[in-house]
Structure formats: structure tokens, C-alpha cells
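Asker: got a sequence here, can you build the structure:
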Amino acid sequence: MASPPGKNSPPASPAAPPTPESQRWFMDHPEVVVVATPKVACDGGGGALGHPKVWYDMSEQDFVECKYCDRVFALKNGSHDPGVPGK
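Answerer: Numbering: from 1, shown residues only. Here you go, the predicted structure:
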């Protein structure tokens, strides 16, 4: 006689613990690097914690976000420059 469905199934994985507030803040506020040119390169900081070097061109915008590490590159005095008052 066959077992009822799920009787021999492995237990469900426990829910992931909530993200601590300090980590959540960094996820919502990525690092902003102010740059002078619309063409930038990112390697995630290099070393063992980095990622492959990628190049970005902002084109019509004044910022670009790295698709690997979420770092934001913002043109100086642009809309994402944290040093500009009122932004």
C-alpha cells in the first residue's frame, strides 16, 4: 500500500530570518559614487569581494546603477549627486 502524499516528504524549510535594520538601510540606500564623466567602470571594489569589471555609459541620464552591486554612479551636480543641496 502506498503512503499518502507528503508523508515521506522532507520537512519544509524554515522561513528566512528577517533582515536586520542595518542591512535593510544599505539595501534601500546604495553607495553613490560622484563622477565627472558619463562613462564609468565598476568592479565592485575589486579583490575577492568584487565582480567582473563592467563599463557603463549614462547616455541621456545623469546617473547609472551597476547591475552587479547596485552601486550608483552620479554625475557631479546631477539629480543623484548627494552633495547638491535640495536633492
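
Asker: would you agree Arg71 is in contact with Pro30?
Answerer: Yes - with contact defined as CB atoms under 8 Å, Arg71 and Pro30 form a contacting pair (6.0 Å). Placement of C-beta: from N, CA and C, glycine included.

Asker: need the overlap of contacts for those two.
Answerer: With contacts taken as CB atoms under 8 Å, 6 or more residues apart in numbering, Arg71 and Pro30 have Glu65 as neighbours in common.

Asker: ok, the two, which is more surrounded?
Answerer: Neighbours per residue (other CB atoms under 10 Å) separate Arg71 from Pro30, with Arg71 holding more: 16 against 13.

Asker: against Ala15, how distant is the more buried one?
Answerer: Counting by CB to CB, to the nearest Å, the gap between Arg71 and Ala15 amounts to 30 Å.

Asker: and after the least confident helix or strand in the chain by mean pLDDT, which helix or strand comes next?
Answerer: Least confident element among the helices and strands of the chain, by mean pLDDT, DSSP states H and E: helix 21-28 (a mean of 61). Downstream of helix 21-28, the next assigned helix or strand under DSSP states H and E is strand 32-35.

Asker: mind listing what's buried along that next one?
Answerer: Neighbour-count burial for strand 32-35, with 16 or more other CB atoms under 10 Å as criterion, is recorded at Val32, Val34, Val35.
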